[in-house]
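Novice: here is a sequence with its predicted model. Questions after.
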Amino acid sequence: MKGPKLTVIVVPVARCNMSCAYCYITAPSGGSMDDTILHTIFAKVFHYNGPDAISDFCWHGFEPLLAGKRFYENVVKIQKQEFGQFPVVNSLQTNGTLLTPELVEFLIANEFRLGVSLDGPQFIHDEYRRYHSGKGTFVDVMRGIDLIREIDANIGVIGVLTPLGAEHIADIYDFFKRERLEFDLLPVTPVKEDSRQNKALRLSPKQYATAAVKLFDLWFSDSEPPRIRSCDSWTLAVLGTTIGQECGYSGNCFVRFISVDPCGDVWPCDRFNGVHGFKLGNILSDSLTETIIPKAEELLAARRKVIEHSCNSCPAYTACQGGCPHQAFAYRADYRLKDYFCEAYKAIFQYIKPKVKAQLERAYTLTNTDSQKVANSERKRP
Amino acid sequence: MESKQSSDEQHLDWTIVEPERIESPALRDLVNRIQQAKSNAQGQMTEATSWSNWRDTKWKQRR
């Protein structure tokens, strides 16, 4: 039987023009995705999701704009001409340095949702997000963001939280608020020991929780808060709803998302691209319903079994669902285990729950009091 | 104990609260969005409700 709607993270090119100190990509650099693979992805995914669901294609991983404008012109052409009956949303997560007025105009005209990677103010961003030459990228990224803002389009920012950022979380908040940018902050994703990643950039659960609750307080008490996806997610988790929830707390990310690399190989998430044991198949030769999704379900079921056993008695389990399988894999070498940031999530939820509860309780009381007043005045009427 | 927990969870029931009564603008906005999303017949996040307008109701006009 078909599972939930599938969102596809497409990695169109295995190259990047930057060399971030905390980069988590371990797959080797390579070429671009060809037309046959592109066409097959659309054919299989649109038919899997059907004409009643919106199919999401997220162009992400390495630097997707290195595929060039013609690649995305082809994406739009195939989607419109051959799969016009299927609703679609394209989003693109870029480092922002390769945006040009023509490219931005084309992407926005074709309703691409643009996400830019930016860690905060220049002294934080340029510390780790640099070109291969070592030069910081902040000025070029902001130029790209300005191009998008010039035509009044929305931008979602994703930033990486390092110990430096955690130390300056209020500066990050002020920066994004001042720039009127919606943002999300994700802790550094560790990669295997022999990688070039600087291990000093990793956050401990305690550092993460401390920064997170500070960020939450700034957001929660602000009269004009910026939209922060991380804060939304923690609050949604406490409210016990999966509506609009991030993948990491969903508990079923493996069957809601797949990633397709430039060779057509399919993985449960782009973070698992190239990782031994996680290949779900190849989009050219394997069926989504018969091979790829069943393999993903198998991986998910194996994790659920372990998580349910280890987390069942935890009060935060319903909120985090064991967290992100990749964070478990990256830190603990086993994706079935709970997220490395488990203790941080518990601390965050424990901190924010009373605050959210108090506000809802007060709102609920006010609503009831007013309803009571209305009922009383109606009773008094002759 | 069990009834205490259920009462505790009841106060986190965002479905029965009028968002405009919530003091924190951030929480008010979030509850507003998830209530709208819930009331959407297809359960899809819409232009008005998604975090960064990630879903788009305009696709129909595009076709």
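Specialist: Cool, got the structure.
Novice: how about residue A:166, what does it touch?
Specialist: A:203, A:207-208, A:210-211 (C-beta atoms under 8 Å, 6 or more residues apart in numbering or on different chains). In short, each C-beta sits where N, CA and C put it, glycine included.
Novice: just give the nearest non-adjacent residue to residue A:26, would you?
Specialist: Of all residues not flanking residue A:26 in the chain, residue A:191 sits nearest, at 5.4 Å (C-beta to C-beta, 6 or more residues apart in numbering or on different chains).
Novice: still on that earlier bit, most neighbours of all the contacts of residue A:166, which one?
Specialist: residue A:211 (26 neighbours; other C-beta atoms under 10 Å in any protein chain shown).
Novice: returning to that earlier point: which one of the contacts of residue A:166 sits closest to chain B?
Specialist: residue A:211 (17.2 Å; C-beta to the nearest C-beta).
Novice: identify the bridge partners of residue A:136.
Specialist: Residue A:136 has these beta-bridge partners by DSSP bridges: residue A:130.
Novice: doesn't residue A:125 make contact with it?
Specialist: Yes. Taking C-beta atoms under 8 Å as the definition, residue A:136 is a contact partner of residue A:125 at 7.1 Å.
Novice: just the CA atoms of stretch A:294-306, as PDB, please.
Specialist: Extracted in PDB, the C-alpha atoms of stretch A:294-306 (Å, rounded to 0.1, in the frame of the first residue of the first chain):
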ATOM      1  CA  PRO A 294       9.500  -0.900   1.200                       C
ATOM      2  CA  LYS A 295      13.300  -0.700   1.900                       C
ATOM      3  CA  ALA A 296      12.800   2.700   3.500                       C
ATOM      4  CA  GLU A 297       9.900   1.200   5.600                       C
ATOM      5  CA  GLU A 298      12.200  -1.600   6.600                       C
ATOM      6  CA  LEU A 299      14.800   0.900   7.900                       C
ATOM      7  CA  LEU A 300      12.100   2.900   9.700                       C
ATOM      8  CA  ALA A 301      10.600  -0.200  11.300                       C
ATOM      9  CA  ALA A 302      14.000  -1.300  12.600                       C
ATOM     10  CA  ARG A 303      14.500   2.200  14.200                       C
ATOM     11  CA  ARG A 304      11.000   2.300  15.600                       C
ATOM     12  CA  LYS A 305      11.500  -1.000  17.400                       C
ATOM     13  CA  VAL A 306      14.700   0.300  19.100                       C
END
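Novice: so which bits of it are buried?
Specialist: Residues A:294-296, A:299-300, A:303-304, A:306 are the ones in stretch A:294-306 that count as buried (16 or more other C-beta atoms under 10 Å in any protein chain shown).
Novice: please apply the same query to stretch A:62-79.
Specialist: Per 16+ other C-beta under 10 Å, stretch A:62-79 contains these buried residues: A:62-67, A:71-72, A:75-76, A:78-79.
Novice: restrict these to those near chain B?
Specialist: Checked against chain B using C-beta under 8 Å from any C-beta of the partner chain, those give no members in range.
Novice: for stretch A:207-215, which outside residues touch it?
Specialist: With C-beta under 8 Å, 6+ apart, stretch A:207-215 has contacts from A:161, A:163, A:165-167, A:169-170, A:172-173, A:185, A:187, A:203, A:228, A:230-231, A:234, A:341, A:343-344, A:347-348, A:351-352.
Novice: try stretch A:67-79
Specialist: A:12-13, A:32-33, A:35, A:38-39, A:42, A:57, A:59, A:86, A:88, A:90, A:92, A:102-103, A:106-107, A:110, A:112.
Novice: count the neighbours of the residue in the stretch 201-350 of chain A positioned nearest to chain B for me.
Specialist: In the stretch 201-350 of chain A, the residue that lies nearest chain B is residue A:225 (4.3 Å; C-beta to the nearest C-beta). Residue A:225 is flanked by 20 other residues according to other C-beta under 10 Å.
Novice: my read is it is in a helix, agree?
Specialist: No. Counting by DSSP: H, G, I helix; E, B strand; the rest coil, residue A:225 is not found in a helix; it is coil.
Novice: who's in contact with the closest residue to it other than its chain neighbours?
Specialist: What sits nearest to residue A:225 in space, not counting adjacent residues and going by C-beta to C-beta, 6+ apart, is residue B:26, at 4.3 Å. Residues near residue B:26 by C-beta under 8 Å, 6+ apart: A:219-220, A:222, A:225, A:231.
Novice: which pLDDT value belongs to the residue in the stretch 151-300 of chain A that chain B sits nearest to?
Specialist: Relative to chain B, the nearest point of the stretch 151-300 of chain A is residue A:156 (3.8 Å; C-beta to the nearest C-beta). pLDDT recorded at residue A:156 is 92.
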